[in-house]
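Colleague: Need coordinates for the following:
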Amino acid sequence: MQADPSGISNDRGVVSRIEDDKAVLAVGPSRTPIHLALDELPEGVREGTWVVLDMQLSPPMALAIDETMTAERSGDG
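Modeller: Just a heads-up that it's a prediction; the model follows:
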């Protein structure tokens, strides 16, 4: 997991489902559910997409799609 310039590591979450205008992401080893509006997520997000999150903000901010994890773990979301 890469750290940002402050030295704090970003977390990853997988989009487990999309309901109306919200996405439910499973975050961290315990797969804690986080609800984010679709317009707060990177373009192209769908169920099974892994997203890099800044968990230091409240609510968490989606920074980018993790293309590598999405490809490696397709079907794991």
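
Colleague: So which elements touch the lengthiest strand in the chain?
Modeller: Selection of the longest strand in the chain by residue count, based on DSSP state E, yields strand 11-19. Where contact means 3 or more Cβ pairs under 8 Å, 6 or more residues apart in numbering; DSSP states H and E, strand 11-19 is packed against strand 22-27, strand 50-54. For every residue, glycine as well, the C-beta is placed using N, CA and C.

Colleague: so where's this protein uncertain?
Modeller: 1-9, 75-77 (pLDDT under 70).

Colleague: just so I know, which of the helices and strands packed on strand 11-19 lies nearest residue 35?
Modeller: Checking those against residue 35 by Cβ to Cβ gives strand 22-27 as the closest, at 5.3 Å.

Colleague: just checking, next helix/strand downstream of the closest one?
Modeller: Downstream of strand 22-27, the first helix or strand assigned by DSSP states H and E is strand 32-37.

Colleague: Run through who's touching that following strand.
Modeller: 13, 16, 21-27, 53, 59-60, 62 (Cβ atoms under 8 Å, 6 or more residues apart in numbering).

Colleague: hmm, try it at 7 Å
Modeller: 13, 21, 22, 23, 24, 25, 26, 27, 59, 60, 62 (Cβ atoms under 7 Å, 6 or more residues apart in numbering).

Colleague: Out of these, the closest to residue 40 would be?
Modeller: Distances from residue 40 to the contacts of strand 32-37, taken by Cβ to Cβ, are shortest for residue 62, at 6.0 Å.

Colleague: Return the set of residues that bridge with the closest one.
Modeller: residue 53 (DSSP bridges).

Colleague: Quick check: it touching residue 41?
Modeller: Yes: the criterion here is Cβ atoms under 7 Å, and residue 62 meets it with residue 41 at 4.8 Å.
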